[in-house]
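Undergrad: just to be clear, the model below is a prediction. Sequence and coordinates:
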Amino acid sequence: DPKIIQKPKYLVAVTGSEKILICEQYLGHNAMYWYRQSAKKPLEFMFSYSYQKLMDNQTASSRFQPQSSKKNHLDLQITALKPDDSATYFCASSQEEGGREDTQYFGPGTRLLVL
Amino acid sequence: GQQVQQSPASLVLQEGENAELQCNFSSTATQLQWFYQSPGGSLVSLLSNPSGTKHTGRLTSTTVTKERRSSLHISSSQTTDSGTYLCARTGNYKYVFGAGTRLKVIA
């Protein structure tokens, strides 16, 4: 069974619309992350959450908003979508106990295409 | 500037040959991890190796922390090894990825 679930696998949206990318992890981890991979850039860090609190935000735009309703959920809401937002979005998680930096485990990704 | 640099950018091997992939990082890393990304896009963690040498199967990673470099050696390559190999270092609880080495193994 997959331990990190991302939904949907593929998503097509029109410019200006809003979408939510879902991530759930069943590894019992305390920290969750979002990364983005576009065609022109390496995988890049977006957000980190620890115990449902935002730890770090490296996105320049407020159009990207993570939402954590439970410790094992970290969804990503994207508003006013632009074609440049087209990318694969990866969710990850780690144990993150006592401030030690743990190995991160990645989900399968959601491929977003904005037309 | 780019914090993680990988070389070569691409590599073509005949099946059975060995591959040596390099990763250089600009600051000391708490964690250094190698990933495989399939042509379909999924990410698989291969090795976590912040220092020293680690082996798993046909893979050997050597990280020299004070020189800020890591290598991934793939022995006896197979066509199923084709894909992109990514190096990532951690710092402040986030991973910084290199651009990857695209490996193609031909029969």
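TA: Yes, it's here.

Undergrad: just confirm residue A:84 is within a strand.
TA: No. Secondary structure of residue A:84 (DSSP: H, G, I helix; E, B strand; the rest coil): helix, not part of a strand.

Undergrad: and for it, the neighbour number?
TA: Residue A:84 has 9 neighbouring residues, counting by other Cβ atoms under 10 Å in any protein chain shown. (C-beta placed from N, C-alpha, C; glycine too.)

Undergrad: equivalent analysis for the one 4 residues further on, please.
TA: Applying the criterion other Cβ under 10 Å, we find 21 residues in the vicinity of residue A:88.

Undergrad: next: residue B:81.
TA: Other residues near residue B:81 come to 18 when the count uses other Cβ under 10 Å.

Undergrad: residue B:101 is in contact with that one, correct?
TA: No. Residue B:81 is beyond contact range of residue B:101, at 11.4 Å (criterion: Cβ atoms under 8 Å).

Undergrad: which bits of chain A sit near chain B?
TA: By Cβ under 8 Å from any Cβ of the partner chain, the part of chain A that sits against chain B consists of A:31, A:33, A:35, A:37, A:42-45, A:48, A:50, A:55-56, A:58, A:88, A:90, A:92, A:96, A:101-106, A:108-109, A:111.

Undergrad: from these, which ones fall inside strands?
TA: Among those, DSSP state E puts A:31, A:33, A:35, A:37, A:44-45, A:48, A:50, A:55-56, A:88, A:90, A:92, A:105-106, A:111 in strands.

Undergrad: please list only the buried members of those residues.
TA: The neighbour count (16 or more other Cβ atoms under 10 Å in any protein chain shown) marks A:31, A:33, A:35, A:37, A:44-45, A:48, A:50, A:55, A:88, A:90, A:92, A:105-106, A:111 as buried among those.

Undergrad: state the pair within those that is farthest apart.
TA: With Cβ to Cβ as the measure, no two of those lie farther apart than A:50 and A:111, at 27.0 Å.

Undergrad: can you give the strand pairings for the longest strand along chain B, parallel or anti for each?
TA: Ranked by number of residues, the top strand in chain B under DSSP E is strand B:83-91. In the sheet, strand B:83-91 lines up against strand B:32-37 (antiparallel), strand B:94-97 (antiparallel), strand B:101-106 (antiparallel) (DSSP bridges).

Undergrad: closest to residue B:9 out of the ones in strands among the residues of chain A next to chain B?
TA: For those, the minimum distance to residue B:9 (Cβ to Cβ) is 16.4 Å, reached by residue A:37.

Undergrad: and the closest one, what pLDDT?
TA: In this prediction, residue A:37 carries a pLDDT score of 95.

Undergrad: confirm for me that it is in contact with residue A:86.
TA: No. The criterion here is Cβ under 8 Å, and residue A:37 misses it with residue A:86 at 10.8 Å.
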